[in-house]
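K.L.:
Can you look at this prediction? I've put the sequence above it.
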Amino acid sequence: MIPPAPQKGRGTAHNPHNRFAPSQSVALDDGWHQEVPVTQGTEVRIERAKSIIARNTSPDLPFDRSINPYRGCEHGCIYCYARPSHAYWDLSPGLDFETKLIAKTNAAEVLEQQLSKPGYVCAPINLGANTDPYQPIEREHQLSRRLLDVLLRFRHPVTIVTKGSLVLRDLDLLSELASQRLVRVMISLTTLDDGLKRVLEPRAAAPTARLRAIRVLREAGVPVGVLCSPMIPMINDSELERLLDAAHDAGAQSAAYMMLRLPLEVAPLFEQWLQDHYPQRASHVLSLIRQSRGGELYDSRFGSRMRGEGVFAELLEQRFRKASRRLGFAGREALALDCTAFAPPGEQLALF
């Protein structure tokens, strides 16, 4: 087999077998060597969604509903737990996930229809639970902005998770939502090392750009926190305290973290990434992951999948709690959003 070389600007050059496909193709070396650089552009497909609010009952998540305007993510984070979902669309969780994207172009219209249903009960919606709502293709499609506009008109609370500095484009909407206690933004900050960022999250915003996003959002009155996720043993875990300090200095009010998760096809992709970029420490990294996952690379059980278990996971949690106390980060309850103001446009208001 011909092992594909890492591609600049992409998280992986590999396209592992789609687990639902009945057949697969394998590249073989026929002896005809060619010095031809492999490039892969981004392709965006259009989808007309029938529904847009996804529900979950996971006890590990602080929300029970979410919206993902895009399938796949151009940021190309090698560790992304959403990669396996691309197999449902007959695409690979590898390179396809970051190059063959799907945009739900009618997302805002469908959201308006769902929020207008008589039986709808308001609770915060998370924007970006699976893939980033402010990935590069959002500049052209503006689906996240249109969704925020609908949520503002309905006075519906929303939480946002992103590592894209493009979130600042929508500062006008976010400021108005914040003035009514209807929004909270979490900026994902994984490393302060530009070199690590380039291979770990190749098309995501630079660390300095994310810290600036925290600063600008806070100055505009938008509640903002930092999400240090994922923490990867021997790759970025040593930065935890520095990440929290930098985010606090930028104005973050709250903080959270998660351990690396490697479900299904993500595990072999991450192993290959380690061999490509950190071969000397690969075995150590994988050993610590297994120690935190009951001897496996992934543990899907509720309660432990986000944090892990064992000595390394417990030490990481203690470090996070100690740093959070020192910095005075607020708890989730202190930043609760208002669900009482929800009112579909044109709906008759209550008399009392």
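P.N.:
Thanks, I have the structure now. Residues are numbered from 1 along each chain as shown.

K.L.:
Just confirm L260 contacts I78, I think it does.
P.N.:
No. At 10.4 Å, L260 does not count as touching I78 under the criterion of C-beta atoms under 8 Å. In this view, the C-beta of every residue, glycine as well, is placed from N, C-alpha and C.

K.L.:
which neighbours do the two share?
P.N.:
Residues touching both L260 and I78 (C-beta atoms under 8 Å, 6 or more residues apart in numbering) are F270.

K.L.:
any chance you could map the strands in the stretch 51-200 of the chain?
P.N.:
Per DSSP state E, counting those that start in this stretch, the stretch 51-200 of the chain carries strands over the ranges 54-55, 65-67, 70-71, 100-104, 125-127, 158-162, 183-188.

K.L.:
Which strands border the third one, and is each parallel or antiparallel?
P.N.:
What it means is strand 70-71. Strands that pair with strand 70-71, judged by DSSP bridges, come out as strand 100-104 (antiparallel).

K.L.:
In three-state terms, label I46 for me.
P.N.:
Secondary structure of I46, reduced to three states by DSSP: H, G, I helix; E, B strand; the rest coil: strand.

K.L.:
residues in contact with it?
P.N.:
For I46, the contacting residues are I102, A103, T105, by C-beta under 8 Å, 6+ apart.

K.L.:
Distance of the closest residue to the first one other than its chain neighbours relative to Q142?
P.N.:
Read that as I102. Leaving aside its chain neighbours, I102 sits nearest to R71 (3.8 Å; criterion: C-beta to C-beta, 6 or more residues apart in numbering). According to C-beta to C-beta, to the nearest Å, R71 stands 17 Å off from Q142.

K.L.:
When the two are compared, which one has more neighbours?
P.N.:
R71 (21 against 17; other C-beta atoms under 10 Å).

K.L.:
so that one makes contact with T131?
P.N.:
Yes. Using C-beta under 8 Å, R71 is in contact with T131, at 6.7 Å.

K.L.:
Go ahead and confirm V222 touches L174.
P.N.:
Yes. Using C-beta under 8 Å, V222 is in contact with L174, at 4.9 Å.

K.L.:
Now do the shared contacts for these two.
P.N.:
V183, V185.

K.L.:
more crowded one of the two?
P.N.:
Neighbours were counted for V222 and for L174 using other C-beta under 10 Å; L174 has more, 26 against 23.

K.L.:
Local confidence estimate at that one?
P.N.:
pLDDT for L174: 98.

K.L.:
ok, now T39?
P.N.:
At T39, the model reports a pLDDT of 54.

K.L.:
cool, and the one 5 residues further on?
P.N.:
Residue-level confidence at V44 comes out at 97, pLDDT.

K.L.:
Quickly list what it is bridged to.
P.N.:
Taking DSSP bridges, one obtains L101 as the residues bridged to V44.

K.L.:
helices or strands up against the longest helix along the chain?
P.N.:
If you go by DSSP state H, the chain has its longest helix at helix 311-327. Helices and strands touching helix 311-327, by 3 or more C-beta pairs under 8 Å, 6 or more residues apart in numbering; DSSP states H and E, are helix 240-250, strand 254-259, helix 282-292.

K.L.:
so which of those comes closest to R307?
P.N.:
Set against R307 and scored by C-beta to C-beta, those come closest in strand 254-259, at 5.6 Å.

K.L.:
After the closest one, which helix or strand is next? Please name it.
P.N.:
helix 266-277 (DSSP states H and E).

K.L.:
what ranges of the chain fall below the confidence cut-off?
P.N.:
Counting by pLDDT under 70, the chain contains low-confidence ranges at 1-3, 23-39, 332, 334, 347-352.

K.L.:
Can you show me the helices along it?
P.N.:
In the chain, the helices defined using DSSP H lie at 95-99, 107-115, 138-141, 143-153, 171-179, 194-200, 207-219, 240-250, 266-277, 282-292, 311-327.

K.L.:
which one of these lies closest to V226?
P.N.:
Closest of the helices of the chain to V226 is helix 240-250, at 3.6 Å (criterion: C-beta to C-beta).

K.L.:
Residues contacting the closest one, please?
P.N.:
Applying C-beta under 8 Å, 6+ apart, the set of residues contacting helix 240-250 from outside is 187, 189-192, 207, 211-212, 214-215, 218, 225-226, 228, 231, 255, 257, 316, 319-320, 323-324, 327, 329.

K.L.:
buried sites along it?
P.N.:
Buried residues in helix 240-250, defined by neighbour count with 16 or more other C-beta atoms under 10 Å: L240, L243, L244, A246, A247, H248, A250.
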